[in-house]
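Engineer: coordinates only, sequence not included:
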């Protein structure tokens with residue numbers, strides 16, 4: 001993907017992080033990371049356990065704050081946002097998909113997907129319509145009233161993806177999204193990410209150990225000991 005340069009045809013930047021450092025006690029986990037992603041780009045981040053991938057994803061997703069560095073998402077200096085303003089930005093502009101789905105067991109698929117829309121202050125009819133549309137797009141029209149315990153692992157992950165997308169975020173962050181799935185379900189999920197990008201236009205950042213998924217991405221970055229070493 002191209003960067004914004006002069007008057008040449010380019011892709012505009014969605015995420016720009018510079019000089020990101022993070023320590024936990026005496027352990028320096030991130031050592032001056034620079035990262036960028038363009039609008040509608042799919043980027044994978046790979047590396048061994050402990051390399052700093054998930055820590056970086058949490059910082060990019062505004063779930064954690066770096067010790068030093070700058071971070072802009074869609075032109076917004078997110079490190080300057082505090083309290084309610086940060087929570088609102090995260091709710092409306094960022095979606096998260098994790099290895100463990102974190103669906104609320106007492107709620108149906110439809111209700112789980114509607115929850116972020118309610119948090120954003122959307123009316124019930126609007127939230128329900130958006131949730132039904134997404135679940136339908138993900139092949140789950142027949143599972144609206146099913147609770148997580150009544151769904152397969154792949155179906156649960158698709159509900160989690162619908163929940164992440166219900167507010168139309170600019171960026172979708174995924175942390176080992178196919179880590180607990182069988183090979184066929186994993187393949188279907190991998191294809192789904194790119195279908196979603198084509199349909200909804202999100203920038204998607206994926207932390208993964210899966211070489212197949214990484215090879216499908218627009219770019220793949222590799223971390224060792226808190227630094228990117230190759231692309």
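Structural biologist: Good, I have the coordinates. Here the structure is a predicted model, which is why all the values come from computation and not from measurement.

Engineer: Pull out the buried positions in the helix or strand of the chain with the lowest mean pLDDT.
Structural biologist: Across the helices and strands of the chain, mean confidence by mean pLDDT, DSSP states H and E is lowest for helix 183-200: a mean of 78. Residues of helix 183-200 classed as buried by neighbour count (16 or more other CB atoms under 10 Å): 185, 186, 189, 190, 192, 193, 196, 197, 200. To be clear about C-beta, it is placed using only N, CA and C from the backbone, and glycine gets the same treatment.

Engineer: between those residues, which is nearest residue 132?
Structural biologist: In terms of CB to CB, no member of the buried residues of helix 183-200 lies closer to residue 132 than residue 200, at 15.8 Å.

Engineer: nearest residue to the closest one other than its sequence neighbours?
Structural biologist: Of all residues beyond its chain neighbours, the one nearest residue 200 is residue 165 (6.5 Å), with distances taken as CB to CB, 6 or more residues apart in numbering.

Engineer: again with residue 171
Structural biologist: Leaving aside its sequence neighbours, residue 171 sits nearest to residue 203 (CB to CB, 6+ apart; 4.8 Å).

Engineer: Could you check how far the one you found is from residue 155?
Structural biologist: Residue 203 sits 25 Å away from residue 155, going by CB to CB, to the nearest Å.

Engineer: Compare the two (neighbour count), which wins?
Structural biologist: A direct count of neighbours by other CB atoms under 10 Å for residue 203 and residue 155 places residue 203 higher, at 23 against 19.

Engineer: Next one: the more buried one, what pLDDT does it get?
Structural biologist: Per-residue pLDDT puts residue 203 at 93.

Engineer: got the contact list for residue 101?
Structural biologist: 148, 156, 157, 159, 160 (CB atoms under 8 Å, 6 or more residues apart in numbering).

Engineer: hang on, it in a strand?
Structural biologist: No. Counting by DSSP: H, G, I helix; E, B strand; the rest coil, one finds residue 101 to be coil, located in no strand.

Engineer: What are the buried residues along stretch 151-171?
Structural biologist: 151, 154-167, 169-171.

Engineer: can you tell me the helix or strand for the spatially most central residue of the chain?
Structural biologist: Most central in the chain under CA atoms, centre = their mean is residue 173, positioned 1.2 Å from the mean C-alpha point. Using DSSP states H and E, residue 173 falls within strand 171-175.
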